[in-house]
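1. Let's see this in three dimensions:
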Amino acid sequence: MNLQENGISETGDKRHWYVIQTQSRREDKVETALARKGLEAFLPKVTYPSRRRDRKVILTAPLFPGYLFLRVELDPVTFHQVIKVDGIVRVLGNGSPTPLAAEIVDSIRHIVSGERPFYTWRYLEKGRQVRVIDGPLAGTVGTIVDKKEKKRRLVVAVELFKRSVAVELDDDAVERWS
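-> Take a look at the predicted model:
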């Protein structure tokens, strides 16, 4: 059995990355509280322009609202120390906290620290029901039947009186629907 199968990295570090869900708009406070406890937290942020009535401003917000990453050896004592931090809802996982691959967090760090612009992307997959929010079909509910990745377009089937029609839409012209 090698060290990584045993949960130990080659450097002897038993810490893993976990995804922490926070209360709405409490990500910064949770990150600060975890840092005060000596724990390594990572809150990726995105900067974007916003227009106010009389001026344009640059705002910074969490890349994944309501979530941050925590690198820790999550034994029962540490788990209770983490979960009691004001603003934390839970540690994500399937029944119990599940570690995240370090490569994922490293990739996010690399993207955030890079010079190229980045933004969040909605997770829309085939079979997902969506509502059209833009154009002449606004308000119509349909199902994604195909994705054209290179064109950033979706093919959405809209059922009308027991007939369906497929329409090609920009991916930002729809939102998840139930």
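2. mind listing the strands for the chain?
-> Taking DSSP state E as the criterion, the chain carries its strands at 16-22, 40-42, 45-51, 56-62, 67-72, 88-91, 129-132, 141-148, 153-160, 163-170, 174-176.
3. Quick one: those as TSV, columns for mean neighbour count too.
-> For glycine as for every other residue, the C-beta is placed from the backbone atoms N, C-alpha and C. Below are the strands of the chain laid out as TSV (neighbours: other Cβ atoms under 10 Å):
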stretch	mean neighbour count
strand 16-22	20
strand 40-42	16
strand 45-51	11
strand 56-62	11
strand 67-72	21
strand 88-91	16
strand 129-132	18
strand 141-148	16
strand 153-160	16
strand 163-170	13
strand 174-176	16
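4. Can you say which of the ones you listed is nearest to Gly114?
-> Evaluated over the strands of the chain, closeness to Gly114 peaks at strand 45-51, with 12.2 Å, by Cβ to Cβ.
5. which helices and strands does the closest one pack with?
-> Counting contacts by 3 or more Cβ pairs under 8 Å, 6 or more residues apart in numbering; DSSP states H and E, strand 45-51 is packed against strand 56-62.
6. starting at the chain centroid, how far to the strand it packs on?
-> Taking Cα atoms, centre = their mean, to the nearest Å, one finds the center of strand 56-62 at 18 Å from the center of the full chain.
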